[in-house]
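Engineer: predicted model and sequence below, questions to follow.
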Amino acid sequence: MTHKQQPSPYDAPEIYDLLFESFDFDLPFWLKVASEADGPVLEAGCGTGRVLLRLLEAGADADGFDLSGPMIERFWAKARGRGWRKRAIVADMREFSLPRRYARMICAFNGFAHCETTEDQIRALRCFREHLAPGGALVLHMSYPGPKYWTEPDGVPTLEIEARNPLTGRMIQMWDTRTKDPVAQLQRSEVEIREVDESGRTAASHRSATSQRWVYRFELELLFRVAAFSRWTIWGGFEGKPLADSQDQMIAWAWRD
Ligand SMILES: C[S@@+](CC[C@H](N)C(=O)[O-])C[C@H]1O[C@@H](n2cnc3c(N)ncnc32)[C@H](O)[C@@H]1O
């Protein structure tokens, strides 16, 4: 889970939004999942609402929660004046209890990878199942940790993404120094956000750390079994194709019958 000693990247939601708010590669998929759901939708790890706000704008009956207070506060600021403030709360996917039961529980953009131990994964999946109405389904998006991913060089600061800060006109860069442990299926990231002036000089820097635990297909199926889901299907990519390529995105559906 997020490091206690070091700041988390999710402590700086305005930077998260500058870098990631415009990501829309998965939005048509989540909008389809919500529009076809026969009841309300709950997003675990909704962050600042990149997905949740789009679902609400489309008229979905959707709620969300996130472990990070700052991320949820930013969601509230964006939802202000639209009647959606109460749609998202601070909660932990490993231990939460909400009064509603949902037709779909969703967990987008590798949010489930923040469960770093098998115990955490099982706790989260049990909570997800508990919050599904009978006949409801959990839909998870996780990248597949194929061989190419594990053999990328370790410990090298890499510019992952950059965007212009509209307030200062400077570039915001996310440098990620990853260390991977293929046995523990863990990636540790030392993240540096640099604000760079016209001459390329770093004018400001914000450091944080996070970890992600990857799962393989049959491991995920076993986790669903342990968490008492009734049945499951794992697709490769958002188009509903069979999982066949080790660079595919895993889209897992698990039902509570
Ligand atoms: C990669 S971000 C995804 C945010 C959003 N769903 C999106 O697609 O932009 C992962 C999110 O999971 C949240 N998170 C991490 N651990 C969590 C936990 N135990 N319970 C709930 N949320 C958690 C983080 O705070 C972060 O907002």
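Structural biologist: Ah, there it is. Worth saying up front: this structure is predicted, and the values here are computed from it rather than measured. Residues are numbered from 1 along each chain as shown.
Engineer: okay, which residue is most central for this structure?
Structural biologist: The chain has Gly111 as the residue nearest its centroid, 2.7 Å off, counting by C-alpha atoms, centre = their mean.
Engineer: just checking, that one touches Ala44?
Structural biologist: Yes. Here Gly111 reaches Ala44: they are 6.2 Å apart, a contact under C-beta atoms under 8 Å. For every residue, glycine as well, the C-beta is placed using N, CA and C.
Engineer: need the overlap of contacts for these two.
Structural biologist: Counting by C-beta atoms under 8 Å, 6 or more residues apart in numbering, the shared contacts of Gly111 and Ala44 are Met93.
Engineer: for Pro242, see how far away Arg82 is.
Structural biologist: Distance, Arg82 to Pro242, by C-beta to C-beta, to the nearest Å: 39 Å.
Engineer: err, Arg178, not the other one
Structural biologist: 29 Å.
Engineer: neighbour count winner among the two?
Structural biologist: Ranked by neighbour count (other C-beta atoms under 10 Å), Arg178 and Pro242 place Arg178 first, with 19 against 11.
Engineer: work out for me the element the more buried one sits within.
Structural biologist: strand 171-181 (DSSP states H and E).
Engineer: report the angle between whichever helix or strand comes after that strand and strand 171-181.
Structural biologist: Using DSSP H and E, the helix or strand that follows strand 171-181 towards the C-terminus is strand 186-196. Angle, strand 186-196 to strand 171-181, by axes from the mean of the first three to the mean of the last three C-alpha atoms, to 10 degrees: 160 degrees.
Engineer: next, the buried residues of the helix or strand just after strand 186-196.
Structural biologist: Under the assignment DSSP H and E, the closest C-terminal helix or strand after strand 186-196 is strand 202-213. Neighbour-count burial for strand 202-213 flags His206, Ser208, Ala209, Thr210, Ser211, Gln212, Arg213 (criterion: 16 or more other C-beta atoms under 10 Å).
Engineer: for the lengthiest helix in the chain, list the C-alpha coordinates in PDB.
Structural biologist: When the chain is parsed with DSSP state H, its longest helix is helix 118-130. Output in PDB follows, covering the C-alpha atoms of helix 118-130 (Å, rounded to 0.1, in the frame of the first residue of the first chain):
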ATOM      1  CA  THR A 118      -1.900 -11.600  -1.000                       C
ATOM      2  CA  GLU A 119      -3.700 -10.900   2.200                       C
ATOM      3  CA  ASP A 120      -4.500  -7.300   1.000                       C
ATOM      4  CA  GLN A 121      -5.700  -8.600  -2.400                       C
ATOM      5  CA  ILE A 122      -8.000 -11.100  -0.800                       C
ATOM      6  CA  ARG A 123      -9.400  -8.600   1.700                       C
ATOM      7  CA  ALA A 124     -10.100  -6.100  -1.100                       C
ATOM      8  CA  LEU A 125     -11.800  -8.800  -3.300                       C
ATOM      9  CA  ARG A 126     -14.000 -10.000  -0.400                       C
ATOM     10  CA  CYS A 127     -15.100  -6.400   0.200                       C
ATOM     11  CA  PHE A 128     -15.700  -5.900  -3.500                       C
ATOM     12  CA  ARG A 129     -17.900  -9.000  -3.600                       C
ATOM     13  CA  GLU A 130     -19.700  -8.100  -0.500                       C
END
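Engineer: packing partners of that helix?
Structural biologist: Judged by 3 or more C-beta pairs under 8 Å, 6 or more residues apart in numbering; DSSP states H and E, helix 118-130 is in contact with strand 132-143, helix 217-226, strand 249-256.
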